[in-house]
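[1] The sequence and its predicted three-dimensional model are supplied below.
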Amino acid sequence: MKKALVSASFLFILLLSCRGGNDLEEVQIPDPEIETTQTAYGNPAEVKVSEGGTFKMKGLKYAYDDLQPHIDGRTMQLHYAKHHLNYANKLNKEVDTTNLATQSIEDILRNLNVNNKSLRNNAGGYYNHNLFFEILGPKAGGTPSGALAEAISSELGSFDALQTQLTEAGNSLFGSGWVWLVVKSDGKLAVTSTSNQDNPLMPNAEVRGTPILAIDVWEHAYYLSYQNKRNDYLTAIFNVIDWKVVNDKYESALARL
């Protein structure tokens, strides 16, 4: 289509450039615009924690607008470069002068004093968002395969049943929070939810286990596109869940039991 337009433009310009009789004036045709992968929302790789911070931004494996139309680019940019970065910077301020700076985020959460509300919120926010962004992908969706698919079928009934449980958990959660698929200490799968920035690693979790899938149901994760229609967001997000990543996390969790 572009070639046709360029050819037509060239002929039109050529005719206009005639100077009495057959004399022609040379006309310069501009080069076509060069395509670029840079989006209007910026580059996730450029988002960094404040200098000296222990816990880093892990980056995204996709551009902010690669998950459209299911999650819009502006939401992803605000979510990652504003909300998530804020949790990372606040966490670093809390741990950088303590012995927690030498611990993994998982160990911090497992041994957390839940009365320390600031650390609980920022450590949870950092871990939760890392997992959420990691299990999403632009060429994703579909159904699980491998060991995870077998476990879902035998322990939860079916993949459809898993989707129903995750969606119902998200819709029934009052206020802000998260929905999880976890591997419990007995190796079995479970669906659960937590409020605010809590997660199943924390000592106070109703269902404890290793998270292998996280769905953010804070309003900032979906409000620009879905407003108050949380169920529409929960339905759409299955189109961008990377089940290969979730399966890898499932197998890793089992190996650590």
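    Okay, I see it.

[2] okay, CA-based contacts and neighbour counts for the rest of this
    OK.

[3] can you map out the helices along the stretch 1-150 of the chain?
    2-16, 73-78, 85-95, 105-110, 117-134, 146-151 (DSSP state H, counting those that start in this stretch).

[4] Take those helices and lay them out in CSV including mean neighbour count.
    As requested, the helices of the stretch 1-150 of the chain are arranged in CSV below (neighbours: other Cα atoms under 10 Å):
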stretch, mean neighbour count
helix 2-16, 12
helix 73-78, 19
helix 85-95, 20
helix 105-110, 17
helix 117-134, 20
helix 146-151, 15
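
[5] Please identify which of these is closest to residue 232.
    helix 73-78 (15.3 Å; Cα to Cα).

[6] residues in contact with that closest one?
    With Cα atoms under 8 Å, 6 or more residues apart in numbering as the test, helix 73-78 has contacts from 41, 42, 44, 64, 65, 66, 67, 220, 221, 222, 224.

[7] Using JSON lines, lay out those residues together with neighbour count.
    Listed next are the contacts of helix 73-78 as JSON lines, based on neighbours: other Cα under 10 Å:
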{"residue": "41", "neighbour count": "15"}
{"residue": "42", "neighbour count": "15"}
{"residue": "44", "neighbour count": "19"}
{"residue": "64", "neighbour count": "25"}
{"residue": "65", "neighbour count": "20"}
{"residue": "66", "neighbour count": "18"}
{"residue": "67", "neighbour count": "20"}
{"residue": "220", "neighbour count": "15"}
{"residue": "221", "neighbour count": "21"}
{"residue": "222", "neighbour count": "24"}
{"residue": "224", "neighbour count": "13"}
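
[8] and those, which of them are in strands?
    Using DSSP state E, no member of those falls in strands.

[9] Out of those residues, flag the one nearest to residue 95.
    Distance to residue 95, by Cα to Cα, is smallest for residue 44 among those, at 24.4 Å.

[10] got a list of what that closest one touches?
    Residue 44 makes contact with 59, 60, 63, 64, 77, 80, 81, according to Cα under 8 Å, 6+ apart.

[11] pLDDT and distance to residue 255 added to the residues you listed, as a markdown table?
    Converted to a markdown table, the contacts of residue 44 look like this (pLDDT from 0 to 100; distance: Cα to Cα, whole Å):
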| residue | pLDDT | distance to residue 255 |
| --- | --- | --- |
| 59 | 96 | 26 |
| 60 | 97 | 26 |
| 63 | 97 | 32 |
| 64 | 97 | 33 |
| 77 | 98 | 35 |
| 80 | 98 | 30 |
| 81 | 98 | 33 |
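
[12] can you redo those residues as JSON lines with distance to residue 121?
    Listed next are those as JSON lines, based on distance: Cα to Cα, whole Å:
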{"residue": "59", "distance to residue 121": "21"}
{"residue": "60", "distance to residue 121": "22"}
{"residue": "63", "distance to residue 121": "27"}
{"residue": "64", "distance to residue 121": "25"}
{"residue": "77", "distance to residue 121": "21"}
{"residue": "80", "distance to residue 121": "17"}
{"residue": "81", "distance to residue 121": "18"}
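
[13] What is the nearest of these to residue 138?
    Checking these against residue 138 with Cα to Cα, the nearest one is residue 63 at 9.0 Å.

[14] Surely that closest one and residue 46 touch.
    No: assessed by Cα atoms under 8 Å, residue 63 is found out of contact with residue 46, at 11.7 Å.

[15] Just want to know which of the two has more residues nearby.
    Comparing residue 63 with residue 46 by neighbour count (other Cα atoms under 10 Å), the higher total belongs to residue 63, at 21 against 10.
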